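Engineer: kindly generate the corresponding structure for this input.
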Amino acid sequence: MNDTENIKFPPQLPQLMSETMRLNFTMTSDLLTGCLLRTLAATKPAGNLLELGTGTGMAAAWMLDGMDAESRLVSVEIDETNIEIAREFLGEDRRAVFIHADGGEWLGLAEPDQFDLIFADSWPGKYTHLDEALRLLKRGGLYVIDDMLPRPNWPDGHAQRANELISILENREDLAITKLNWSTGIIIGTKTFRRGTLAGCQSAQR
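Structural biologist: Numbering: from 1, shown residues only. Predicted coordinates for the structure are as follows:
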């Protein structure tokens, strides 16, 4: 099996890729992560999904491609230039709302227990404001992050920061997590209400 063969792209993805290259924006999710997000979105019929860090909309395109007609996606981005690209190519989809805001400030104002899936692809909700993000996740909801394996564009000290985040997620009692040594490094957590146990398992290394 080759997981990079016969990938069916969301219809807007080629245009989004072209615009992303034009902007020289390199902080996008890769194709394998996109495929996973599409599959996970499809497990949440009539679901409410949240993306923290729209970028140019490439991950949002994958999620929308997996969502059903009754699902909704809220995507939050601080960079106005990037989010305008997402709005240009995805804004006509009535299932999606693109919000230009600071993610940390937005998380602090949002109502709890409203999302079935959160893809945290920005500092807020991942390296900062983690508690605020998980507060928004329903029981049984999925928390997804990528870029947990070393990357060439990581600044000095980021590897230690990533390892600290992994340790925090491993030791949370309200998440059952799986770490995937695949794509750019994925962690998927399911929100639980268990207390007094550590919920985590590591996938087999590829």
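
Engineer: low-confidence ranges, the protein, go.
Structural biologist: Within the chain, the stretches with pLDDT under 70 are 27, 194-206.

Engineer: where does the residue nearest the centre of the chain sit: helix, strand or coil?
Structural biologist: For the chain, the residue sitting closest to the mean C-alpha position, by Cα atoms, centre = their mean, is residue 119 at 2.2 Å. Under the three-state scheme (DSSP: H, G, I helix; E, B strand; the rest coil), residue 119 adopts strand.

Engineer: bridge partners for it, pull those for me.
Structural biologist: According to DSSP bridges, the residues that bridge with residue 119 are residue 51, residue 144.

Engineer: correct me, but it touches residue 54?
Structural biologist: No: contact criterion Cβ atoms under 8 Å: residue 119 and residue 54 do not qualify, at 10.2 Å. (Glycine included, C-beta is placed from N, CA and C.)

Engineer: tell me where the chain has strands.
Structural biologist: Along the chain, counting by DSSP state E, strands occupy 48-52, 72-77, 96-100, 115-120, 137-145, 175-180, 186-191, 200-202.

Engineer: can you count the residues close to residue 2?
Structural biologist: 5 (other Cβ atoms under 10 Å).

Engineer: quick one, phi/psi of it?
Structural biologist: phi -120, psi 110 (degrees, to the nearest 10).

Engineer: gap between it and residue 42?
Structural biologist: 22 Å (Cβ to Cβ, to the nearest Å).
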